[in-house]
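*Asks:* Model the following, please.
(one chain, ligands or ions: 1)
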Amino acid sequence: MRTSIHLQTSPPHLFSPPLASPSLNQDSQKLLCAQHAASLVKPSTILGLGTGSTASLFLEQLSDLLSAGSLHSIVGVPTSLKTDALAKTLNIPLTDLGSHPVLDLSVDGADEVDQELNLVKGRGGSLLREKMVEGASREFVVIVDETKLVPRLGTTGPIPVEVVPFGWDYTIMKLKELFKGEIGFDAKLRTVWDAKEGKEVPFKTDNENYIVNLLFEKGISGDLRLISDEILRITGVIEHGIFIGMATSVIVAKKDGKIEILNKK
Ligand SMILES: O=C[C@H](O)[C@H](O)[C@H](O)COP(=O)(O)O
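*Replies:* Have a look, this model is predicted:
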């Protein structure tokens, strides 16, 4: 189901010349969907707080509403150490999953969204805590700019897989075996530049694990649930960044300043 809401930027005036449609850059689109999502949060919500640049804008909006007194009694469950730190600087009250195993709502960004509202997440390095918190939420609202909409997952970048550091090269071998025959497939350990060491070192997640990037030349094809199960069956794999059927709705901010809301069927 698709709903389209045109955001009114200024009151219409009878004699004004027609306004040219705005062309928002990606950052403004992120802000637009973050603002929209924050306006939907009700008082007394147990709220999963996502990770990434779009989710950070949402946290800032939330904090503004809290300090203006137009929202109250919110308590957040952060999905990463970065979000935990940001929420603390923004004075957003926090709790944890153990104390609130069922959340009312989670709001988070995504790297990709397909037509069934399946997602790729984790290109920023967070996926396991996100999947736990968002999976525990009655409602999971995803906020994205329109560049994130794809016909097939894995078309604009890698699908991240969190793996244990022990035997990571063995785990990569098993992942390569799984996708053998997939044209243009590759699996690579994610690394970062360590200035102290003067070399590339493995990227470490909040859980001290590594990330393997699965690269598909034309996106991932086939039954996503089956593929998900097969990836998870490899010993050494902890979790992957394909979020199947988890999003209840996606708020998409468009270049023309419109918001489109995609709801789970
Ligand atoms: O690891 C990062 C998270 O899954 C983010 O939600 C995702 O990468 C989207 O981030 P951004 O809003 O910065 O594009």
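*Asks:* which stretches of the chain form helices?
*Replies:* Counting by DSSP state H, the chain has these helices, from start to end: 26-40, 53-68, 81-89, 128-135, 168-178, 224-232.
*Asks:* Please name whichever of those is nearest to the ligand.
*Replies:* Proximity of the helices of the chain to the ligand was assessed by Cβ to the nearest ligand atom; the nearest stretch is helix 53-68, lying at 3.3 Å. Using the backbone N, CA and C atoms, a C-beta is placed for each residue, glycine as well.
*Asks:* what about that closest one, near the ligand?
*Replies:* Yes. Taking Cβ under 6 Å from any ligand atom as the criterion, helix 53-68 and the ligand are in contact, through 53-55.
*Asks:* Which one (most neighbours) among these?
*Replies:* residue 55 (30 neighbours; other Cβ atoms under 10 Å).
*Asks:* What separation do you get for that residue and residue 87?
*Replies:* Residue 55 sits 10 Å away from residue 87, taking Cβ to Cβ, to the nearest Å as the criterion.
*Asks:* between the two, what contacts are shared?
*Replies:* Residues within reach of residue 55 and of residue 87 at once, by Cβ atoms under 8 Å, 6 or more residues apart in numbering, are residue 49.
*Asks:* and the residue of the stretch 151-265 of the chain nearest the ligand?
*Replies:* For the stretch 151-265 of the chain, the residue closest to the ligand is residue 241, as judged by Cβ to the nearest ligand atom, at 6.8 Å.
*Asks:* give me the number of residues near that residue?
*Replies:* The number of residues near residue 241, taken as other Cβ under 10 Å, comes to 28.
*Asks:* swap in the one 3 residues further on?
*Replies:* By other Cβ under 10 Å, 15 other residues sit near residue 244.
*Asks:* Residue 64 - nearest residue in space that isn't next to it in sequence?
*Replies:* Residue nearest to residue 64 in three dimensions, not counting chain neighbours: residue 38, with 7.9 Å by Cβ to Cβ, 6 or more residues apart in numbering.
*Asks:* For that neighbour, give me its contacts.
*Replies:* When contacts are counted by Cβ under 8 Å, 6+ apart, residue 38 touches 58, 61-62, 64-65.
*Asks:* Try it again at 6 Å.
*Replies:* Residue 38 makes contacts with 58, 61-62, 65, as judged by Cβ atoms under 6 Å, 6 or more residues apart in numbering.
*Asks:* Can you give me the pLDDT of it?
*Replies:* At residue 38, the model reports a pLDDT of 98.
*Asks:* how near is it to residue 193?
*Replies:* Here residue 38 is placed at a distance of 35 Å from residue 193 (Cβ to Cβ).
*Asks:* same thing with residue 129?
*Replies:* Here the distance between residue 129 and residue 193 works out to 24 Å (Cβ to Cβ).
*Asks:* Which one's more surrounded, the two?
*Replies:* Neighbours were counted for residue 129 and for residue 193 using other Cβ under 10 Å; residue 129 has more, 23 against 9.
*Asks:* and the spatially closest residue to that one that is not a sequence neighbour, how many neighbours does it have?
*Replies:* Counting by Cβ to Cβ, 6+ apart, the nearest residue to residue 129 once its immediate chain neighbours are dropped is residue 79, at 4.6 Å. Residue 79: 28 surrounding residues under other Cβ under 10 Å.
*Asks:* Can you tell me which helices and strands the longest strand along the chain packs against?
*Replies:* Scanning the chain for the strand with the most residues, using DSSP state E, yields strand 137-145. With contacts defined as 3 or more Cβ pairs under 6 Å, 6 or more residues apart in numbering; DSSP states H and E, the packing partners of strand 137-145 are helix 26-40, strand 103-108, strand 249-253.
*Asks:* so which of the ones you listed gets nearest residue 114?
*Replies:* Within those, the stretch nearest residue 114 is strand 249-253; the backing value is 10.2 Å (Cβ to Cβ).
*Asks:* Done for today, thanks.
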